[in-house]
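**Q** just to be clear, the model below is a prediction. Sequence and coordinates:
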Amino acid sequence: MNKQRKFSIFRYNPNTPEIKPFMQEYVLEEVPGMTIFVALNKIREDLDPSLMFDFVCRAAICGSCAMVINGKPRLACKTLTSDLKGTITLMPLPVFRLIGDLSVDTGTWFRQLSLKTEAWIHSEKKFDPEAVEDRMDNRIALEIYEAERCIECGCCIAGCVTANIREDFLGAAGINRVARFMVDPRDERTPKQYFDVIGSDEGAFGCMGLMACDDNCPMQLPLQSQLAFVRRKMLAYGLWGK
């Protein structure tokens, strides 16, 4: 016989503010290989169709199913129920606007991040669709790829102390985004332009160094290394203007 697992899930719908937030319990039979994602779908299909949560890919690519699982930001599709002890507590990610229950609006937050960091190639070079593509050094291409592995799930932001107390903080995701363009030889921004974006306590110098971003990133990105890289660049500009 399979084990019975208890889930305690945050419930609140901002469209019905007269109903205060509460924790609701559900009990499921745990089957081999069950993930939190599978469990939530089982709850919604068999027990409570009103339960709100997000998912798209089920393969740790889209980042949609991020939530706080037993006190830690994680992806529901990657988290096995068998790896968790006792009652499984599910909460929505903090920082982001709550849509309802476990569903939050990360899209608007990351859209604003892209605009604030100007996350696109800045170049005066006129695009020629007939031209042969410029070759890129493999080492640089791999550095760019490493930063691009971010799936914008928001786990690093949710676990960040500074992001939880400051709405203007770019967080590890923003610093990682800027680092990606700093190493890209096609981007023609000057050190001063980068400094204006990231060289303040809203960016590279707002981190408290608690390393929650590294601990919570489901893709295991080297976010603290990216922070150190950006800080060195900004310090060099601040001291020597280059």
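**A** Here it is on my side, so go on. These numbers were taken from a predicted model, which means no experiment stands behind them.

**Q** burial of the spatially closest residue to residue 75 that is not a sequence neighbour, as a residue count?
**A** Nearest residue to residue 75, sequence neighbours excluded (CB to CB, 6 or more residues apart in numbering): residue 218, at 4.8 Å. Where you see a C-beta, it was placed from the backbone N, CA and C, and this is true even at glycine. Number of residues near residue 218 (other CB atoms under 10 Å) recorded here: 18.

**Q** my guess is residue 218 contacts residue 61. True?
**A** No. Between residue 218 and residue 61 there is no contact under CB atoms under 8 Å: 10.6 Å.

**Q** what's the span of stretch 17-37, first residue to last?
**A** 27 Å (CA to CA, to the nearest Å).

**Q** okay, buried residues for that stretch please.
**A** Using 16 or more other CB atoms under 10 Å as the test for burial, stretch 17-37 gives 26, 28, 30, 34, 35, 36, 37.

**Q** ok, the fifth one to residue 223 distance?
**A** Spelled out, it's residue 35. Distance, residue 35 to residue 223, by CB to CB, to the nearest Å: 24 Å.

**Q** any chance you could map the helices in this protein?
**A** 36-46, 106-117, 138-148, 155-158, 161-165, 171-182, 191-198, 212-216, 223-240 (DSSP state H).

**Q** tell me which of those is the most buried.
**A** Highest mean neighbour count of those: helix 155-158, a mean of 28 (counted as mean count of other CB atoms under 10 Å).

**Q** with just CA atoms, put the helix or strand of the chain with the lowest mean pLDDT into PDB.
**A** The helix or strand of the chain with the poorest confidence is helix 223-240; it has a mean of 90 (mean pLDDT, DSSP states H and E). Presented in PDB, the C-alpha positions along helix 223-240 are these (Å, rounded to 0.1, in the frame of the first residue of the first chain):
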ATOM      1  CA  LEU A 223      25.000  33.600  -9.500                       C
ATOM      2  CA  GLN A 224      27.500  34.700  -6.800                       C
ATOM      3  CA  SER A 225      30.300  34.400  -9.400                       C
ATOM      4  CA  GLN A 226      28.300  36.600 -11.800                       C
ATOM      5  CA  LEU A 227      27.800  39.100  -9.000                       C
ATOM      6  CA  ALA A 228      31.600  39.100  -8.300                       C
ATOM      7  CA  PHE A 229      32.300  39.600 -12.000                       C
ATOM      8  CA  VAL A 230      29.900  42.600 -12.300                       C
ATOM      9  CA  ARG A 231      31.200  44.100  -9.000                       C
ATOM     10  CA  ARG A 232      34.800  44.000 -10.200                       C
ATOM     11  CA  LYS A 233      33.800  45.700 -13.500                       C
ATOM     12  CA  MET A 234      31.900  48.400 -11.700                       C
ATOM     13  CA  LEU A 235      34.600  49.000  -9.100                       C
ATOM     14  CA  ALA A 236      37.200  49.400 -11.900                       C
ATOM     15  CA  TYR A 237      35.000  52.000 -13.600                       C
ATOM     16  CA  GLY A 238      34.300  53.800 -10.300                       C
ATOM     17  CA  LEU A 239      38.100  53.900  -9.400                       C
ATOM     18  CA  TRP A 240      39.700  54.400 -12.800                       C
END
